Every structure is written in C-alpha cells, then in structure tokens.
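Student: sequence plus the predicted model coming up.
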Amino acid sequence: MGKCFCDYRFLFLLVVLPFIYIQIRLFATQSQYADRLTDAIEAETHCIRQTRLLIDQISMQQGRILSLEEERKRQDQECAQLRALVQDLERKGVEKLVGDVQVPVAAVVVMACNRADYLDRTVKSILKYQTPIASRYPLFISQDGSDPHVKSKGLSYDQLTYMQHLDYEPVHTERPGELIAYYKIARHYKWALDQLFYKHKFSRVIILEDDMEIAPDFFDYFEAGAALLDRDKSIMAISSWNDNGQRQFVDDPYMLYRSDFFPGLGWMLSRSTWDELSPKWPKAYWDDWLRLKENHRGRQFIRPEVCRTYNFGEHGSSMGQFFKQYLEPIKLNDVQVDWKSMDLSYLEQDKYVKQIAGLLRKATPVDGSNAILKTNNIGGDIRILYRDQSDFENVARQFGIFEEWKDGIPRTAYKGVVVFRYQTQKRVFLVSPESVQQLGI
C-alpha cells in the first residue's frame, strides 16, 4: 500500500513538473510579449508625435507658400502700376519735376479714392491757377485703391503725376462699429506723404482733398505761408481753411490768424515736421490726432479769415456731416491779394500775442446771456467771457458758430480766444478765463 502511495506521488510529480515548466515558459513568453508590446506602443506614440510635427511643419509651409503667393501677386500689381506710371511720366515728359532755374515752393497732392466726378471738378479748379506756375507747384493725384474711373481720370491729365496706393492689409478697427474708411484714409495719407517727402524729396507739401475748389490767390497765399513756416518754428502748418469761415462771419480777405486748433482742409507742412509725425502716424482719425496737445506740442497753425479752399463734398466718408450748416455756406475768397507785398511779421509768435491782447483790450466787454441782442447795440468790437466748455457752447449756439472742442481747445481758438465777424466788420471775441491770464488783459 505504501509502495502504491509513493508511485502516485511520483506520477503526480511527473505531471506537475511539466505543468510548472509550461507555466514558467508561458510567463516568460508573456513578459517578452509585454515588453515588445510596450516597445511597440512607445514606437507608435513616437511615430504619432513625429507625424503631427510633420503635419504642423507642412501646414506652416503651406501658410508661407500662400503668403508668398499673395506677396507675389501684390508685387506683380505694384510692378504693373509702376510700369504704367513710368510710361505716363515718359509720355508727359515730366521726368524732371524741378526746373533748371526754379525750385518748387511745394508739391501739391490731391487725395482721391472713388469719386471721379469730384476729382475732375477739383483738378480743373487747381489747373486754372496752377498752370502758369506749374514748375513751382508740381501737381500730383494720389489714389487710394483701384477704382477704374478715378484711375482713368487721373491718368488723363497731362499736367500732373498720378500715384496709386494699393493696400491689401486687412483693417482691424479698435472699437465696434467704426468705419474702416477712416483707417484706410490714415494709411493713404502716410503713404502719399512718405512718397512726396522721401522719394520725390520735396521740402514742403500742400495737401488737398478731391472735393475742393481753390481761391485765385491760393498759391500766392501758400508761398507767403512757406516763408513764415521756415522762419518761425512755433508754426506747425499753414492752412487755407477757417472753420468759422461762413459768409456771415467773415469780412477781411487780408487778415490771417494763429490757432491752436488744426484746421485741415487744404494745408501745408514741411519735411522736418513730417520727419517727426511719420514714425508715429495714427491708425485712424489722423486730423483729430493732430489736434491733440501731445502732438502739436504748443505750436500753432496759420489760418485765414476768408477761406482759400471751398469744400463741396456733401457725400463722402463723413456722410455729409455738418455740410448744410457749416460747409455749404463757406465763403471762398474772390479777391486777388498781393501776398508778396504784405508784411506778415505780425503773425510771428511774440508780435502776435501783443497784437491780439491789444485788440481784446479795445473790445467792449459783454455778458454771454442774450449776447446777440447786446452785440447789436454796440458799434465796435466786443469780447464775451465764457466760464467753461458748456458756457462756450451756449454762446456759440446763439451766434451759430462751431461749438466743437478737441482736447480742451475750441475750433479756431488761439489761447482760448475765438474770433469771428458779426454784422460785417464788427469782431466778436469769445474769451476764456485762461485767455485773460495768458494775454494779460
């Protein structure tokens, strides 16, 4: 019996040992497969990472290819435009814009976009007075965009040079609801002025818009202004515009003023001033930007009493804003003033302060309430003291002049003083408390 039990244990051992061996082999094999599977997973993960990296690189290259294609298209268009411009220059025989004898006073540029009919009216007005003195005032049209009618009109004139600004960069407005047009206008102005000052090397530029007519003495006026601009560095620009230049508020075509408020609408600046402005030119609203104190930095602008430009553009980027009330009634000067014989030294900073203070001292003080009634009863010049912006707006509303302020400065103001005519020759001075202190009246 014992012998049988031993035999069973031996048989059992013979059975178990192979089973254990098989299990060990299976475990070893599973471990190998597990290691291989882990290696395979890691390899797959690495492959996926490499694939994604490759896809990203391909996407980047595709983006660069698209960008290069856009750049090539842009350059092709610009080259075509340059070829057309060269052909136009050769056809007109104006390779030399500066004559052998006369150095230009200033280049004149008309800023245009998509109003061919307005542009034609403007150019005809300019050529009427510019043609006899073309070498002293080389004329340019600068078109923003590719409106075919404006381009055709610009290239049709033999007396001027056509430029085209092609801007393909997307516009991103800074505030919701803003018009893209104001951003594109600012870009166009910078491009055109860079071209005229840095490529064509002009020392001064007169900027007009495509909805303006000019006065008979427009060019003589700016020639006199150029001399002032050169010798008095407290003058930032010369303007042909008076915001309060409506017929009922002007009388003397010989009278000029200094102003802390940039008028625009037909103005001249020098290259040295553009050197300062060009690097920091704003993205939009360039005219209001020039009205900020941080940009004009205490310098003033020369403006006439009677406008040397007339703005007929009821339809445009500003949607005819204020046109009927403020622009349509503007008086365009019709007197041929001999500016060369005029002594304009009174406009120099030190002399002008004394002159304006003297005029204010002679003016009769009047209270701002019922200002028109009181003004009607006084024969000579009057001055009205306003306390603050709200008070100024109330008095301005009574007379019908501009009420608007920018950066603490009323339109046309010099040291807070706004002057306009009332009942033909009578002058009305609106004066702030700061004006009284600064001018010592």
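Tutor: Arrived safely, thanks for sending. Residues are numbered from 1 along each chain as shown.

Student: residue 270 against residue 230, yeah?
Tutor: Yes - assessed by Cβ atoms under 8 Å, residue 270 is found in contact with residue 230 at 7.5 Å. From N, CA and C alone the C-beta is placed, and that goes for glycine too.

Student: more crowded one of the two?
Tutor: A side-by-side neighbour count of residue 270 and residue 230, using other Cβ atoms under 10 Å, places residue 270 first with 21 against 13.

Student: check contacts around the closest residue to the more buried one other than its chain neighbours.
Tutor: Spatial nearest neighbour of residue 270, excluding adjacent residues (Cβ to Cβ, 6 or more residues apart in numbering): residue 204 at 5.3 Å. Counting by Cβ atoms under 8 Å, 6 or more residues apart in numbering, residue 204 makes contact with 105-107, 226, 229, 268-271.

Student: please apply the same query to residue 403.
Tutor: 392-393, 396-397.

Student: for the residue nearest to residue 438 when sequence neighbours are not counted, what are phi and psi?
Tutor: Distances taken as Cβ to Cβ, 6+ apart place residue 415 nearest to residue 438, at 4.9 Å, with adjacent residues excluded. With angles defined as degrees, to the nearest 10, residue 415 sits at phi 50, psi 40.

Student: shouldn't residue 415 be in contact with residue 437?
Tutor: No - contact criterion Cβ under 8 Å: residue 415 and residue 437 do not qualify, at 9.5 Å.

Student: the two - which one has more neighbours?
Tutor: residue 415 (21 against 11).

Student: would you say residue 257 is within a helix?
Tutor: No - counting by DSSP: H, G, I helix; E, B strand; the rest coil, residue 257 falls outside a helix, being strand.

Student: who's it bridged to?
Tutor: Per DSSP bridges, the residues bridged to residue 257 are residue 303.

Student: distance check, it against residue 412.
Tutor: For residue 257, the distance to residue 412 (Cβ to Cβ, to the nearest Å) stands at 8 Å.

Student: overlap in contacts, the two.
Tutor: In contact with both residue 257 and residue 412: 303, 419, using Cβ under 8 Å, 6+ apart.

Student: of the two, who's got more company?
Tutor: residue 412 (25 against 19).

Student: I'd guessed that one sits against residue 246; true?
Tutor: No - under the criterion of Cβ under 8 Å, residue 412 makes no contact with residue 246, lying 11.8 Å away.

Student: what about residue 413, how many neighbours?
Tutor: Residue 413 has 21 nearby residues by other Cβ under 10 Å.

Student: need the pLDDT of it.
Tutor: Reported pLDDT at residue 413 in the predicted model: 98.

Student: same question, the one 5 residues further on
Tutor: At residue 418 the predicted local distance difference test score is 98.

Student: surely it is within a strand?
Tutor: Yes - with three-state DSSP as the criterion, residue 418 is located in a strand.

Student: wait, what's in contact with it?
Tutor: Residue 418 sits in contact with 244, 392, 396, 401, 410-412, 429-430, where contact means Cβ under 8 Å, 6+ apart.

Student: list just the nearest of the contacts of residue 204 to residue 309.
Tutor: residue 268 (11.6 Å; Cβ to Cβ).

Student: doesn't the closest one fall inside a helix?
Tutor: No - under three-state DSSP, residue 268 falls outside any helix and is assigned strand.

Student: quick one: the residue nearest to residue 438 from residue 29, how far?
Tutor: 99 Å.

Student: and what of residue 241?
Tutor: For residue 241 relative to residue 29 (Cβ to Cβ), the value is 96 Å.

Student: between the two, which one's more packed in?
Tutor: For residue 241 versus residue 29, neighbours defined as other Cβ under 10 Å are more numerous around residue 241 (22 against 10).

Student: does the more buried one touch residue 307 like I think?
Tutor: Yes - if you go by Cβ under 8 Å, residue 241 and residue 307 touch, sitting 5.6 Å apart.

Student: what number of residues lie near residue 69?
Tutor: 10.
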